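> Give me a model of this one.
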Amino acid sequence: MAHNSSMDKFVSSIGITLDRFITQKQADFSSARGELSQLLRDIGLAAKVINKEIMRSGLIGIEGPAGDKNVQGEEQQKLDVVANIRYIRALTRGGEVCAIVSEEEEDMIDTGNHNAKYVVAMDPLDGSSNIDVNMPVGTIFSVYKRVTPVGTAPTLEDALQKGSEQVAAGYVIYGSSNILVYTTGKGVNGFTYDHSIGEFILSHTHIDTPADGNIFSYNEGNIEDCDEQIKKYVAHCRSKKMTARYVGSLVADFHRNMLKGGIFFYTGTKKNPTGKLRIMHECNSLAFIIEQAGGKATDGTQRILDIQPTSLHQRVPLIIGSPKMVDALLSC
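Residues are numbered from 1 along each chain as shown. This is a model prediction of the structure:
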């Protein structure tokens, strides 16, 4: 058929879909047999379902608290419960995950897929209380290779691995647009959901965070209860007339800072002396991503990815973002 240039605007490329990108990148792993690719697709599918639930939450009465508390003693939102169920179901039925560690579950979940190679740790819905006021929320996930033999039941040894052992990590933002960002240790890429075709399309290639920035994300309501070093750094930020941005949804603050240059920190307070954020569900994933983007992540004394977790819901201080800003805080 002869090519008619006048038709180009009607047949322009839609871009690279998440599925196609994952398939193309499978060649980066000599030992891969498609299991990790399928696992990432399962996460993408669950993200589409959760995005749909969030978009119609105000119409179907799924906003607000569920009436229960999670293992951390925090009030669960209805969408916390929905997201937890959706992701567990998708990962279990996908067949590539032998165990799941969820912020909403006290114990590790044995999926029954004992021939599967991977373990997933996740925060199914970060910042869920923001749903009621139409603010961004997200999902954070980490993927590890199991260490016990394939074919046997998974144990805590499979879950309690250092962040440096991650084979993939990522997050999903549900906001003005639905974005999925992930890394397999070969750089960081982001995909924006196109509702018209029901696909995630590559939109952010090879994300590199600026070496320095002008944004600091910290809950200044805690300033009187924090260490003197943190007070000193916040005073430094104010003296430099930096921009303060704190949404109350870690994944949203992190995403903005990674793209524009900035730092997020949540360190110890009198109420939470070891910090509030969970190393398994939140910190390891974002630390892996920021390092792949050229940034840094530390608990104030050591690299986040070098910490050996001792419990499923362990909390640690988190300082993460542009490398020069992290160094400046540590110098305080």
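> hey, what's the spatially most central residue of the chain bridged with?
Nearest to the geometric centre of the chain sits residue 140, at 2.7 Å (CA atoms, centre = their mean). The residues paired with residue 140 through beta bridges, assigned by DSSP bridges, are residue 123, residue 171.
> Contacts only, for it.
Shown in contact with residue 140 (CB atoms under 8 Å, 6 or more residues apart in numbering): 122-123, 126, 170-171, 250-251, 281-282, 285-286. Heads up, the C-betas are built off the backbone N, CA and C, glycines and all.
> likewise residue 282?
Going by CB under 8 Å, 6+ apart, residue 282 touches 103, 123, 126, 140, 250, 318.
> Give me the number of neighbouring residues for residue 198.
Residues within reach of residue 198, counting by other CB atoms under 10 Å, total 9.
> Now do it against residue 304, distance only.
Separation of residue 198 from residue 304 (CB to CB, to the nearest Å): 35 Å.
> Tell me the confidence at the residue nearest to the centre of the chain?
Taken from the predicted model, the pLDDT recorded for residue 140 is 98.
> Equivalent analysis for residue 63, please.
What the model reports as pLDDT for residue 63 is 55.
> go on, residue 263?
At residue 263, the model reports a pLDDT of 98.
> What is the subsequent helix or strand relative to whichever strand or helix holds it?
When elements are defined using DSSP states H and E, residue 263 is found to belong to strand 262-266. Beyond strand 262-266 in the direction of the C-terminus, DSSP H and E gives the next helix or strand as strand 277-278.
> For that next one, enumerate the helices and strands it packs against.
Under the contact definition 3 or more CB pairs under 8 Å, 6 or more residues apart in numbering; DSSP states H and E, strand 277-278 sits against strand 315-316.
> in its sheet, what does the strand it packs on sit against?
In the sheet, strand 315-316 lines up against strand 277-278 (antiparallel) (DSSP bridges).
> I'd like the average pLDDT over the partner strand.
Averaging pLDDT along strand 277-278 yields 96.
> now the angle from the helix or strand just after that strand to strand 262-266?
Per DSSP H and E, strand 277-278 leads on to helix 284-292 as the next helix or strand towards the C-terminus. For helix 284-292 against strand 262-266, the angle between stretch directions is 150 degrees (axes from the mean of the first three to the mean of the last three CA atoms, to 10 degrees).
> starting at the chain centroid, how far to stretch 248-262?
For stretch 248-262, the distance from its own C-alpha centre to the chain's C-alpha centre is 11 Å (CA atoms, centre = their mean, to the nearest Å).
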